[in-house]
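J.: Fold the following and give me the result.
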Amino acid sequence: MTIIKQPYADSGLFPHGGWDVHHHIFEPAKFAYVPDRHLTPPPATVQQFLDFKKKIGITNSVLTHGLSYGSDCTSLKTFVHELGESGTKGIGVIGPDTITPEELQEMHSKGIRGIRVNLYKYQAMHDVERQKQALREHARVITPHCPGWSMAFTHVHPEFWGDLAPMIQQEIVPTGIPLVTDHFALLKAASMLPAKCKGDITQQVGFKEIMGLVRAGLLYVKISAPYRVSFEAPHYTDLKPLVQAFLDANTQQILWGSDWPHTPHMKVRTREEALRETPYLAIDDMAWLQSLRSWVTAEEWHAMMVSNPTRLYGW
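T.: The predicted structure is shown next:
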């Protein structure tokens, strides 16, 4: 795929273009949120993202369907179309029991290249067995109809990877679906770790299993939303060992995403909390990107920002 050339900011960070593989658009005036949503975000429009994209200097992006829209991808398809000339693909949310092959094919024709699993819908945020079931059901639906699509999920329990890893190897890998997890797989930098792990991030729960899957080429990890795994904003200096551990495990499996417009930390909210508009976090994206660039080689940067996302999403 040819990276689309546009007059973006000359930040010096993206001499060969770059992908943001995890961002959202929320326009509730055009597309209403579902009543049973887990979060009510303020508007974050297509134009605001285009302004952000120009400021940062990226050339392509992957729009991740906001869970506040449920499994109705009408908004996603519209937003991808509106962003299409600037090189955007989409990741949708589906209802495995209700989606039809025709709908999946129509999503593909509109630029969708994968799905994310809504663990809230399965009441699986804190239940590893329900997480396994959610992954199985989504894989079953997309395997025969969407070859090449990826499947992403985010969860808040790195300790679950001891149970998830064998299931992924035995049941998901044979389907051929590339599996993606967001936000550093929720592994933590030193500032968020208990005292016993601060001196050695490799001792935190889930580290061994996650790195094993990455090393074997069975899991993509998004280096995204550093504020979810480190308290050291804006440069997140304590994330350097974790970033390098991922790249040392397998440079070909690492991606970068902004998580724009920076929704708050994932948690199970009360009904009242979910329906109340929750503001975004104030994040210095350029400071974080400059830190990240200073830690990696030119080859690692190109893989993470250009070649890996182009291979996964750009076809």
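
J.: So for the residue lying closest to residue 134 once chain neighbours are set aside, what's the pLDDT?
T.: The spatial neighbour of residue 134 that comes closest, neighbours along the chain excluded (Cβ to Cβ, 6 or more residues apart in numbering), is residue 122 at 4.5 Å. (C-beta placed from N, C-alpha, C; glycine too.) The predicted local confidence for residue 122 comes out at a pLDDT of 85.

J.: ok, residue 122 touching residue 130?
T.: Yes - counting by Cβ atoms under 8 Å, residue 130 is a contact partner of residue 122 at 5.1 Å.

J.: Looking at the two, which has the bigger crowd around it?
T.: For residue 122 against residue 130, the residue with the higher neighbour count under other Cβ atoms under 10 Å is residue 122, and the figures read 17 against 14.

J.: List the contacts of that one.
T.: By Cβ atoms under 8 Å, 6 or more residues apart in numbering, residue 122 lies in contact with 130-131, 133-134.

J.: of all those residues, which two lie farthest apart?
T.: Comparing all pairs in those by Cβ to Cβ, the longest separation belongs to 131 and 133, at 7.3 Å.

J.: any residues in contact with both of those two?
T.: Common contacts of residue 131 and residue 133, defined by Cβ under 8 Å, 6+ apart, comprise 122, 124.

J.: Compare the two (neighbour count), which wins?
T.: Taking other Cβ under 10 Å, residue 131 and residue 133 do not tie; residue 131 has more neighbours (22 against 13).

J.: So the more buried one: helix, strand or coil?
T.: When the structure is split into helix, strand and coil by DSSP: H, G, I helix; E, B strand; the rest coil, residue 131 lands in helix.

J.: ok, now how distant is the residue lying closest to it once chain neighbours are set aside from residue 234?
T.: Residue nearest to residue 131 in three dimensions, not counting chain neighbours: residue 124, with 4.7 Å by Cβ to Cβ, 6+ apart. With distances defined as Cβ to Cβ, to the nearest Å, the gap from residue 124 to residue 234 amounts to 33 Å.

J.: Of those two, which one has the most company?
T.: More neighbours surround residue 124 than the other of residue 124 and residue 234, with 21 against 16 (other Cβ under 10 Å).

J.: Give the full set of residues in contact with the more buried one.
T.: Shown here is residue 124, whose contacts under the criterion Cβ under 8 Å, 6+ apart are 130-131, 133-134, 155.

J.: Leaving out chain neighbours, which residue sits closest to residue 239?
T.: Computed as Cβ to Cβ, 6+ apart, the closest residue to residue 239 that is not its neighbour in sequence is residue 189, at 4.6 Å.

J.: scratch that, residue 177 is what I was asking about
T.: Using Cβ to Cβ, 6+ apart and skipping residues adjacent in sequence, the residue nearest residue 177 is residue 151, 5.0 Å away.

J.: just checking, the one you found touches residue 137?
T.: No - with contact defined as Cβ under 8 Å, residue 151 does not reach residue 137; the gap is 10.9 Å.

J.: of these two, who's got more company?
T.: Set side by side, residue 151 and residue 137 show unequal neighbour counts under other Cβ under 10 Å, the larger going to residue 151 at 22 against 15.

J.: Quick check: phi and psi at that one.
T.: Recorded main-chain torsions at residue 151 are phi -130, psi 120, according to degrees, to the nearest 10.

J.: That one: what's it in contact with?
T.: For residue 151, the contacting residues are 114-117, 135, 138-139, 142, 172, 177-180, taking Cβ under 8 Å, 6+ apart as the criterion.
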